[in-house]
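Asks: Give me a model of this one.
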Amino acid sequence: MLDPNFDATVVYLYETTEGAAGVVVNRPTDIPVSDVLPTLAEAAAPPAVVFHGGPVGVEHALIIGVADGAINLMDLETGAGAESVRVFAGYAGWEQGQLELEIAEGAWFLASSTPEDILTPEPAELWRQVYGRQDGLIRRYRNYPDDPRLN
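Replies: Sure thing, here's the model as predicted:
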């Protein structure tokens, strides 16, 4: 993906009535969750910072949590009661059919998610970890250099 908003990212996708949406799960900011949503500070998975979820709606928080081993979109009330949460500023969105077209063009790789992906304590290495557990050609991308010009 040549768009800098999505370079070396892992996007957790969820459905909406208008199309597809998702959050970038591996771009932490320096903003502590406790500064923005203190009621979620206890449940925030390390690193307990707000993550940059995408280029759309960055002024709004989106909460994804893990409860009973399942990944869920949450509100403030359910988030405060979750085992672990991640707070995102913004999201990524696609109009009806847009994401499917981009996938068909080869702009995205699809992989199953795990709660560990959403809550990883090492977000910088997440895309390599996700690629590494895939089969076939996609697995090779885990070794892709951060800057291929320096290779």
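
Asks: List the contacts of Pro55.
Replies: Taking C-beta atoms under 8 Å, 6 or more residues apart in numbering, we find Pro55 in contact with 5, 90, 92. To be clear about C-beta, it is placed using only N, CA and C from the backbone, and glycine gets the same treatment.

Asks: Sorry, slip of the keys, the one I care about is Trp127.
Replies: Applying C-beta under 8 Å, 6+ apart to Trp127 gives the contacts 8-10, 26.

Asks: That one is in what secondary structure piece?
Replies: Here Trp127 sits within helix 126-132, counting by DSSP states H and E.

Asks: now that helix: how far from the chain's centre is it?
Replies: For helix 126-132, the distance from its own C-alpha centre to the chain's C-alpha centre is 13 Å (C-alpha atoms, centre = their mean, to the nearest Å).

Asks: What are the buried residues along it?
Replies: For helix 126-132, a neighbour-count test (16 or more other C-beta atoms under 10 Å) marks 126-131 as buried.

Asks: Then stretch 22-42?
Replies: Across stretch 22-42, burial judged by 16+ other C-beta under 10 Å covers 22-27, 32-33, 37, 40-41.
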